[in-house]
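In: Predicted model and sequence below, questions to follow.
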2 protein chains.
Amino acid sequence: MARGMRKTDDNADENARNVGRRRSTVRTISERAGVSTSTVSRALKGDRRISAKTRDSILAIAREEGYAPNAMARSLVTHRSGVVGLVIGEIGNPFYPELLERLHPRLAARSLRAMLLHVGSGPLDEGAVQSLLQYQMDGCLIASATLSSRIEDICLQYRVPMVMINRVARVHSCAVSCDNFAGARLLGELLIEAGHRRIALVTGQSNTSVSEDRVEGLQAALSDHGVSLTASCEGHSTYAGGFAAAQEIVERGLRPDAIFAVNDIMAMGVIDALRRAGLRIPEDVSVTGFDDIQAASWPNYDLTTVAQPVDAMIERTLDLLLERIEDPSRPGENVSIHGELRRRGSARLSGRTASLS
Amino acid sequence: MARGMRKTDDNADENARNVGRRRSTVRTISERAGVSTSTVSRALKGDRRISAKTRDSILAIAREEGYAPNAMARSLVTHRSGVVGLVIGEIGNPFYPELLERLHPRLAARSLRAMLLHVGSGPLDEGAVQSLLQYQMDGCLIASATLSSRIEDICLQYRVPMVMINRVARVHSCAVSCDNFAGARLLGELLIEAGHRRIALVTGQSNTSVSEDRVEGLQAALSDHGVSLTASCEGHSTYAGGFAAAQEIVERGLRPDAIFAVNDIMAMGVIDALRRAGLRIPEDVSVTGFDDIQAASWPNYDLTTVAQPVDAMIERTLDLLLERIEDPSRPGENVSIHGELRRRGSARLSGRTASLS
DNA sequence: CTGAAAGCGCTTACAG
DNA sequence: CTGAAAGCGCTTACAG
């Protein structure tokens, strides 16, 4: 049962004006202005050669007609579509929707639009690849810790510039990430300095550079202090995986005094599982995450973590992409940007003034 | 410090083959096959008039060249772009990313691609509207409880078919939603039948049909049983809003025996705030949500809720959209689909067999 | 400062 | 069963 239409249409009048009219084109405008379509085209893009008078009259008409240039026609001749393909991986991890929300306006700021190629952690289908090619996308952005090799190959093969975000690139490609190694190492040091000696690790997906680097960062801190890992469990980068990992750690009687989760969403699962087992955070066990997703600051979690420098990562990603759209011969580049420690209540940390830079 | 390139490029050979070659076109293929471009075009789209022999040789060449038709050129003549604009509202509510993940493959299944028009609950900027027009999008999908009037007007004005999901439409437009009224009413009845009499409400954004309908559904159940609301707080459809609302309810000494949150994300905030105040769920207070996002089944929340029939909603949304792309003169339509009760641990509910249909 | 012409890569009547 | 021609809406040398 539909619950009925609401409100009346305030804009009926305004809508009526243009309804049913064919959309205007350079031709429509050129006829009304009494000039050639070349002149219209030039005036519209601010070519300095067009006289102020002609330009103004063309602009006025265009505005009046609600003219929008046909991007398809334009890109046919300019060989630039203004479209970038977007792959978003593990969207169940709030890090990605949060990234998407901030990425989109920054793309727009650089006159780029995003076409969705793939969403979610499932395998890329051939349709994604086809549309990348069919729509003549100028470039491709991969936001995912796991997906990439297939689409990376396609981009290489067809010379579509591509940048990965939240990954480290293999040869040829570009990628931008947080300095995961440094962030994890700092977290590890501060845990140890605060007296933790039985540190358990919950890893993300193996074979992702993000997880690997964070694990290595922690290991570096541990071996610097001659401490060895109490346990290591695979948490698959999901809440459920973190929850299960913590349950296992508890059941096996490992009694860690700290659990280092490779990302926030797993850390949340860890905390919930620990509490369920009657343990207090951080009195009995310290828990740390990584990413600083919004939920990390929910009072229930109050998670100590490293904030990824998302805005800076986005800007650098777009720099790299645009440079390569300009000049596809540029070599691949990996950029890693320092994150920022967020001290919260889920972990007892050394109070030492710590900088990640 | 970038941590270095990894792996070697397994596909160097394959990549080398096509690198640097111009992409092939109908013209490339027609020359190699010794036929006209018309014939190539027809063969490629399976026109029955082309002889099997010609067709096969053309198809073979196309495959060999990795041919992908230029969608820009095609849409210039067909007046169909195969692109729909996508507006995603409150992406901080996991309901939307989860919807997006399921929507995207279903769009692909109908040969449609999604271009992002807007992400997040901020106001739509003019750029979104411009790109809708410039890229000749065939239609537009609005997934948002709040955004819409501006883009709705534009779509009406330029005759771009549009369907809203998770909303009820005003005149002219189409919308698909869960039967929010019936779902909320059922939840209310089961709470009352289980003995709750001091029921507090945490609303979403006012002026959204989703929130209004759920509130009305609850009210209907209450007035049927001569129960009146103990309190009503605005929760802004966010976790933080739900948290604050529950804190206020506790501080004002309202002592509800149940809190009905208009959606899951607010219910999660409510639960965390209640526990913080030392209350047990559901022994002291029952809490219900709506949507059945993934986090609702996390053990920490174990939230009793109504699952939105997301897959059915998506299919109907696409039906409506495609019908109107075919025939824009079709009248607007509101569809509401029954949700499904999820009995979990956060609320004491009457055991009565309840159906939402 | 402006215009005529060609062309981007397709599709589609119209002929044959 | 196949091809020549026109055209979708732009932009851009090339002329003037």
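Out: Cool, got the structure. From a predicted model like this one, the values you see are computed outputs, not experimental measurements. Numbering: from 1, shown residues only, chains lettered A, B, ... in the order given.

In: Please count neighbours and contacts with C-alpha atoms only from this point.
Out: Will do.

In: how near is A:Ser206 to B:Glu251?
Out: Taking Cα to Cα, to the nearest Å as the measure, A:Ser206 and B:Glu251 are separated by 47 Å.

In: of those two, who's got more company?
Out: Regarding A:Ser206 and B:Glu251, a neighbour count based on other Cα atoms under 10 Å in any protein chain shown identifies A:Ser206 as having more, with 14 against 11.

In: Give the burial count for the spatially closest residue to A:Arg113 that is not a sequence neighbour, as a bare number.
Out: Nearest-residue entry for A:Arg113: A:Val83, 4.9 Å, with adjacent residues in sequence omitted and distances by Cα to Cα, 6 or more residues apart in numbering or on different chains. A:Val83 is flanked by 22 other residues according to other Cα under 10 Å.

In: quick one, what contacts the closest residue to A:Ser81 other than its chain neighbours?
Out: Of all residues not flanking A:Ser81 in the chain, A:Ser75 sits nearest, at 4.9 Å (Cα to Cα, 6+ apart). By Cα atoms under 8 Å, 6 or more residues apart in numbering or on different chains, the contact set of A:Ser75 is A:Ser81, A:Gly82, B:Met72.

In: Next one: the host helix or strand of the last one, is it in contact with DNA strand C?
Out: Secondary structure assigned from DSSP states H and E places B:Met72 in helix B:71-78. Yes: contact between helix B:71-78 and DNA strand C, assessed by Cα under 7 Å from any atom of the strand, occurs at B:Ala73, B:Arg74, B:Leu76, B:Val77, B:Thr78.

In: From B:Arg324, how far out is the last one?
Out: Using Cα to Cα, we find B:Thr78 at a distance of 17 Å from B:Arg324.

In: Looking at the two, which one has more neighbours?
Out: Between B:Thr78 and B:Arg324, counted using other Cα under 10 Å, the more crowded position is B:Arg324 (22 against 8).

In: Apart from its chain neighbours, what residue comes closest to that one?
Out: In space, B:Arg324 is closest to B:Pro161, 5.8 Å off (Cα to Cα, 6+ apart).

In: Strands along chain A, start to end?
Out: Per DSSP state E, chain A carries strands over the ranges A:83-88, A:113-119, A:139-143, A:162-165, A:174-178, A:199-203, A:231-234, A:258-261, A:286-288, A:305-307, A:334-337, A:340-342.

In: quick revisit: doesn't B:Asp327 make contact with the residue nearest to B:Arg324?
Out: No: using Cα atoms under 8 Å, B:Pro161 and B:Asp327 do not qualify as a contacting pair, with a distance of 9.1 Å.

In: okay, those two: which has more neighbours?
Out: Neighbours around B:Pro161 and B:Asp327, counted as other Cα under 10 Å, are more numerous at B:Pro161. The numbers are 28 against 11.

In: which residues does the more buried one contact?
Out: B:Asp138, B:Gly139, B:Cys140, B:Cys155, B:Leu321, B:Arg324, B:Ile325, B:Pro328.

In: Over to A:Val40?
Out: With the criterion set at Cα under 8 Å, 6+ apart, A:Val40 makes contact with A:Val26, A:Ile29, A:Ser30, A:Arg55, A:Ile58.

In: try A:Gly241
Out: A:Gly241 makes contacts with A:Glu234, A:Gly235, A:Met266, A:Gly269, as judged by Cα under 8 Å, 6+ apart.

In: a markdown table for those residues, including neighbour count and pLDDT?
Out: Shown next, in a markdown table, are the contacts of A:Gly241 (neighbours: other Cα atoms under 10 Å in any protein chain shown; pLDDT from 0 to 100):
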| residue | neighbour count | pLDDT |
| --- | --- | --- |
| A:Glu234 | 17 | 95 |
| A:Gly235 | 28 | 95 |
| A:Met266 | 31 | 97 |
| A:Gly269 | 26 | 96 |
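
In: Adding distance to DNA strand D, write these out as a markdown table.
Out: Rendered in a markdown table, the data for those read as follows (distance: Cα to the nearest atom of the strand, whole Å):
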| residue | distance to DNA strand D |
| --- | --- |
| A:Glu234 | 53 |
| A:Gly235 | 51 |
| A:Met266 | 49 |
| A:Gly269 | 52 |
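
In: hang on, the earlier thing: the helix holding B:Met72 vs helix A:71-78, what angle?
Out: Put simply, helix B:71-78 runs at 130 degrees to helix A:71-78, going by axes from the mean of the first three to the mean of the last three Cα atoms, to 10 degrees.

In: how far out from the middle of the chain is helix B:71-78?
Out: Counting by Cα atoms, centre = their mean, to the nearest Å, helix B:71-78 is centred 28 Å from the centre of its parent chain.

In: And for stretch A:107-127?
Out: Averaging C-alpha coordinates over stretch A:107-127 and over its chain gives two centres that are 11 Å apart (Cα atoms, centre = their mean).

In: ok, back up a step: how much space separates the residue nearest to B:Arg324 from B:Gly120?
Out: Between B:Pro161 and B:Gly120 the computed distance is 22 Å (Cα to Cα).

In: Near DNA strand D, which residues of the stretch 1-150 of chain A are found?
Out: Of all the residues in the stretch 1-150 of chain A, those lying near DNA strand D are A:24-27, A:37-39, A:41-42, A:45, A:68-70, A:73-74, A:76-78, going by Cα under 7 Å from any atom of the strand.

In: Across the sheet, point out what pairs with the nearest residue to A:Arg316 once chain neighbours are set aside.
Out: Spatial nearest neighbour of A:Arg316, chain neighbours left out: A:Val176 (7.2 Å); criterion: Cα to Cα, 6+ apart. Beta bridges link A:Val176 to A:Ile165, A:Val335, judged by DSSP bridges.

In: and what of A:Leu341?
Out: Counting by DSSP bridges, A:Leu341 forms beta bridges with A:Val306.

In: Confirm for me that it is in contact with A:Pro309.
Out: No: checked against Cα under 8 Å, the pair A:Leu341 and A:Pro309 is beyond contact range at 10.6 Å.

In: Give me the more crowded residue out of the two.
Out: For A:Leu341 versus A:Pro309, the count of surrounding residues by other Cα under 10 Å is larger for A:Leu341: 21 against 18.

In: what residues are up against that one?
Out: A:Gly183, A:Thr304, A:Thr305, A:Val306, A:Ala307, A:Leu356.

In: which residue does the stretch 151-300 of chain A bring closest to DNA strand D?
Out: Of all residues in the stretch 151-300 of chain A, A:Val160 sits closest to DNA strand D, with a separation of 19.9 Å (Cα to the nearest atom of the strand).

In: ok, now which ones touch that residue?
Out: By Cα under 8 Å, 6+ apart, the contact set of A:Val160 is A:Met137, A:Asp138, A:Gly139, A:Cys140, A:Ile154, A:Pro328.

In: Lowest-confidence one in those?
Out: When these are compared on pLDDT, A:Ile154 comes out least confident, at 85.

In: Which single residue of the stretch 151-300 of chain A ends up nearest DNA strand C?
Out: As assessed by Cα to the nearest atom of the strand, DNA strand C sits closest to A:Tyr158 within the stretch 151-300 of chain A, at 14.0 Å.

In: Now stretch A:124-144: buried residues?
Out: A:124, A:127-144 (16 or more other Cα atoms under 10 Å in any protein chain shown).

In: who in the stretch 1-150 of chain A is up against DNA strand C?
Out: Where the stretch 1-150 of chain A comes near DNA strand C, counting by Cα under 7 Å from any atom of the strand, the residues are A:34-39, A:48-51, A:54-55, A:73-74, A:76-77.

In: make it 6 Å
Out: Applying Cα under 6 Å from any atom of the strand, one finds that the stretch 1-150 of chain A approaches DNA strand C through A:Val35, A:Ser36, A:Ser38, A:Thr39, A:Arg49, A:Ile50, A:Ser51, A:Thr54, A:Leu76, A:Val77.

In: Cool, thanks, signing off.
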